[in-house]
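K.L.:
sequence first, then the predicted structure:
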Amino acid sequence: GYHTYRRVSFEFNNLVAALQTHPCTYAAGGGEWDMSRLQRSSRDYLVHRQEEDFRFNVCANAVAKPSECSALLGEDNVRKAVGYQTADGVCYYMGLLRTGKWSLINRQRPQDGVKLTYTGGSQCDGATQRSVQFMFECNRAAGLGRPVRVYGDCEFVIAWETALACPNRQTVAWAYLFWALLGVGVYLLVGFAVNVRYRHLPPDLESIP
């Protein structure tokens, strides 16, 4: 009946969330970022705000289900999520792993850092679902850094300064070198073909421009 359908649907969604992989690297605007060192496997990040606690992970589901959620919903009924918002007697999902999306904080200034957004969290008000946006801001002196603050009530924003948010531009230099060498090669090849075909030069080294 209906309850069986709901249970099967719940388990299916839980399985999808559990199996979903999430790349922790990003490339855009001439830079590359690898945030995989922020992903945790033993304990979640925790930020306390007044009467609320926010527990979450990066590029993976939260490691543990909060005790508040298990007490309220039952251990087996707590869905996997990237994070949980808890308080006295409440438990909300901050977002689902499969919705993860990378982007630049400022497309005109890739050096500012990157953001990672998750949607599909618990219902908040009206048609709005909870979501969370990690704002990874470039600070080369911060090391890995840590989440320092959570803003917002439905659409959460987590402020985080980290050296990992500073773009790695080594690959950009190699890309420029590759295209430069390719351009020179094309020029030499076309020049050789023109000299041999139209100027009737012998096909040897002297025909290379």
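P.N.:
Thanks, I have the structure now. Numbers count the residues shown, from 1 in each chain.
K.L.:
pretty sure residue 158 contacts residue 132?
P.N.:
Yes - using Cβ atoms under 8 Å, residue 158 makes contact with residue 132 at a distance of 6.5 Å. (Glycine included, C-beta is placed from N, CA and C.)
K.L.:
can you pull the residues that touch both of these two?
P.N.:
By Cβ atoms under 8 Å, 6 or more residues apart in numbering, residue 158 and residue 132 have these common neighbours: residue 56.
K.L.:
do a quick rundown of the strands in this protein.
P.N.:
Along the chain, counting by DSSP state E, strands occupy 25-28, 31-34, 45-49, 52-56, 83-87, 90-95, 101-104, 113-118, 123-125, 128-129, 131-138, 147-151, 155-162.
K.L.:
nearest to residue 190, of those?
P.N.:
Nearest to residue 190, of all the strands of the chain, is strand 25-28, at 31.4 Å by Cβ to Cβ.
K.L.:
send me that closest one as PDB with only the CA atoms.
P.N.:
Extracted as PDB, the C-alpha positions of strand 25-28 are listed here (Å, rounded to 0.1, in the frame of the first residue of the first chain):
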ATOM      1  CA  THR A  25      38.100  19.400  -8.200                       C
ATOM      2  CA  TYR A  26      37.200  22.300 -10.400                       C
ATOM      3  CA  ALA A  27      38.600  24.200 -13.400                       C
ATOM      4  CA  ALA A  28      37.400  27.500 -14.800                       C
END
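K.L.:
show residues contacting that strand.
P.N.:
Outside strand 25-28, the residues that reach it (Cβ under 8 Å, 6+ apart) are 32, 33, 34, 35, 36, 102, 103, 104, 110, 114, 171.
K.L.:
direction included, what does that strand pair up with?
P.N.:
Paired strands of strand 25-28, with direction, are strand 31-34 (antiparallel) (DSSP bridges).
K.L.:
for the partner strand, buried residues please.
P.N.:
Neighbour counts over strand 31-34 (16 or more other Cβ atoms under 10 Å) mark 31, 32, 33 as buried.
K.L.:
what is the mean pLDDT for that strand?
P.N.:
For strand 31-34, mean pLDDT rounds to 93.
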